[in-house]
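Engineer: just coords:
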């Protein structure tokens, strides 16, 4: 066994600090950091690895997610792996095959109306398409794994091309077999769970094309039986799972303002709760057999709110386990607290109302820190003063436009001034670390006049700098380049046109940089990438929403990632000192979003499980491959991902690369 030798050496190697990363010049891309609000997703619980697996769904932005997510009981982790179609899936179904230790996914919408007929399996490391004929293209069907007969059971759904199905199919890991055409009437948006104690699949509700159902059916592997039991009202788009610890099937459903939790013991339905998650359609729910709780995520439909919250049900009460973060936002502001390694977000608006929430991001999770302090507002500006250790906020639209200055010390907001720049929106501020002052430029006043003023906040008062520089504008963006000691300004909108000029403030004067770069725009976001030593610009609007990404190195603009977040304006971006990458949140292009995105290198070979960390989980994968040695050997994972130098073997040379990445821990 070669792995024993490796374990000894890795114990020594992990005590070293080995330089591994040189991010500049590597391909970079945007990836979501946490799942956004969504509905009609697929989810299953992988009992072998102790994680809930989620894929697809329709986001609040009306975009379809193609990321694979895993919930470990504390946080969601995105897996950077290709999966079922590049555009994701809506209304597919998933279940976990505990015999073969794979999550099975079938069908779902891949466009506005095209339903997939593909079968995919997730091993915990990679998705594999199983190219076999099956039930045919469909969406809004239901699946459950029968652990006694060792088959995945599929029922119903919307057929590709129209119509509802009443068929029952089973997947044994090799073939799909149609088992029944009779039983529950053809329907979609039903819910199923396997009762392992009684050996039956339980089905409740669904939509038959004209109305929701309140029927309870059970499948014993040969026939369906209608159970004449009173229970929940007629429902569709509900969620169900089987609680193996307590021997009951748990249902969460909503109808209008109704939100109810029911349990089925095989004889009777019992209403257990009318509190917990807000009313919603099409959430997903699984039973976490490691922590003995039902876990519910997301939901939302049809013009109502979308949800990105995670809840657990322990048989007695619902508890909110995690929030995706701020609700869908636009017009908010963010700043990087480099001393506490957190990102601070304040304000903005969602569907209508202005907000006054203060959130902090710690590199993995969002937490709501305060609902007091500055009045609710949008289109304000913020920067972190690293000398005094406070986040500075100025102005914004609070109906009317505001001229107040506030500071956040990590615990509380303090109003510092109402004297200085006049009330305005869409100004930009950045902290000049070299000179210890916060610099503000431009903005639009209440009467709609754009400004060309430069102001400096020294922690006590605002002082106007009477210098020439950029023309009057609003909706521009600024970021401090700590490598060169200058503040970079780009774009904005004058009283009549979008602007595309680049300026730098050196503490004394503004200097225009005569360069070609991003197209003229306003309402974009910028931050300085301290890892790669460049200023990052994303999106904005030139009359149409944009989603291009650019870098400024002090001499030239270079367009980088051309995909990622949906086109949008009024996003906010800040540098995450924990992850070592820029983080972008929210924005708007028709619909406001709450997605949190990260801009980093496109490749991180030693991250063998795709969670953006090179840690002991990856080592376990590497160790298996190291013992096999030859990439062509039996049992080697598909693609031989542990062959980090590409020579066809997983050997000492790959081990050296892996250890260096392990010491770096976080992918660049």
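Structural biologist: Great, that's in hand. No experiment lies behind these values; they were computed from the predicted model shown.
Engineer: now residue 263: how far from residue 134?
Structural biologist: Going from residue 263 to residue 134 by Cβ to Cβ, to the nearest Å gives 33 Å. Placement of C-beta: from N, CA and C, glycine included.
Engineer: er, residue 245 actually
Structural biologist: Taken as Cβ to Cβ, the spacing of residue 245 relative to residue 134 amounts to 33 Å.
Engineer: which of those two has more neighbours?
Structural biologist: The neighbour comparison of residue 245 against residue 134 (other Cβ atoms under 10 Å) goes to residue 134, with 19 against 14.
Engineer: surely residue 344 is in a strand?
Structural biologist: Yes: with DSSP: H, G, I helix; E, B strand; the rest coil as the criterion, residue 344 is located in a strand.
Engineer: ok, it - how many residues close by?
Structural biologist: Neighbouring residues of residue 344 were enumerated by other Cβ under 10 Å; the total is 23.
Engineer: apart from its neighbours in sequence, what residue is nearest it?
Structural biologist: Across the structure, with Cβ to Cβ, 6 or more residues apart in numbering as the measure, the residue nearest residue 344 apart from its sequence neighbours is residue 391 (4.8 Å).
Engineer: now the phi/psi pair for the one you found, please.
Structural biologist: Its backbone dihedrals place residue 391 at phi -90, psi 130, with angles given as degrees, to the nearest 10.
Engineer: before we move on, what about residue 621?
Structural biologist: The phi/psi pair for residue 621 (degrees, to the nearest 10) reads phi -70, psi -40.
Engineer: how about the one 5 residues further on?
Structural biologist: For residue 626, the backbone dihedrals are phi -60, psi -40 (criterion: degrees, to the nearest 10).
Engineer: who's sitting farthest from the centroid in this structure?
Structural biologist: For the chain, the C-alpha lying farthest from the average C-alpha position belongs to residue 466; by Cα atoms, centre = their mean, that distance is 44.1 Å.
Engineer: so how far is residue 259 from that residue?
Structural biologist: Computed as Cβ to Cβ, the residue 466 to residue 259 distance reads 60 Å.
Engineer: again, but for residue 120
Structural biologist: From residue 120 across to residue 259, the span is 32 Å (Cβ to Cβ).
Engineer: comparing those two, which residue is more hemmed in?
Structural biologist: Here residue 120 and residue 259 are set side by side on neighbour count (other Cβ under 10 Å), and the busier one is residue 120, at 23 against 18.
Engineer: hang on, that one packs against residue 132?
Structural biologist: No: in this structure, residue 120 is not within contact of residue 132 by Cβ atoms under 8 Å, at 11.3 Å.
Engineer: dig out what residue 270 forms beta bridges with.
Structural biologist: Taking DSSP bridges as the rule, residue 270 bridges to residue 263.
Engineer: ok, it - contacts?
Structural biologist: Under the criterion of Cβ atoms under 8 Å, 6 or more residues apart in numbering, the contact partners of residue 270 comprise 262, 263, 264.
Engineer: ChimeraX command to pick out the buried ones of those residues?
Structural biologist: With 16 or more other Cβ atoms under 10 Å as the criterion, this ChimeraX line picks the buried residues out of these:
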select :262,263,264
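Engineer: in stretch 290-298, what counts as buried?
Structural biologist: 293, 294, 295, 296, 297, 298.
Engineer: how about the residues you listed in a markdown table, adding pLDDT, distance to residue 46 and secondary structure?
Structural biologist: Converted to a markdown table, the buried residues of stretch 290-298 look like this (pLDDT from 0 to 100; distance: Cβ to Cβ, whole Å; DSSP: H, G, I helix; E, B strand; the rest coil):
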| residue | pLDDT | distance to residue 46 | secondary structure |
| --- | --- | --- | --- |
| 293 | 98 | 15 | strand |
| 294 | 98 | 16 | strand |
| 295 | 98 | 12 | strand |
| 296 | 98 | 17 | strand |
| 297 | 96 | 15 | strand |
| 298 | 94 | 18 | strand |
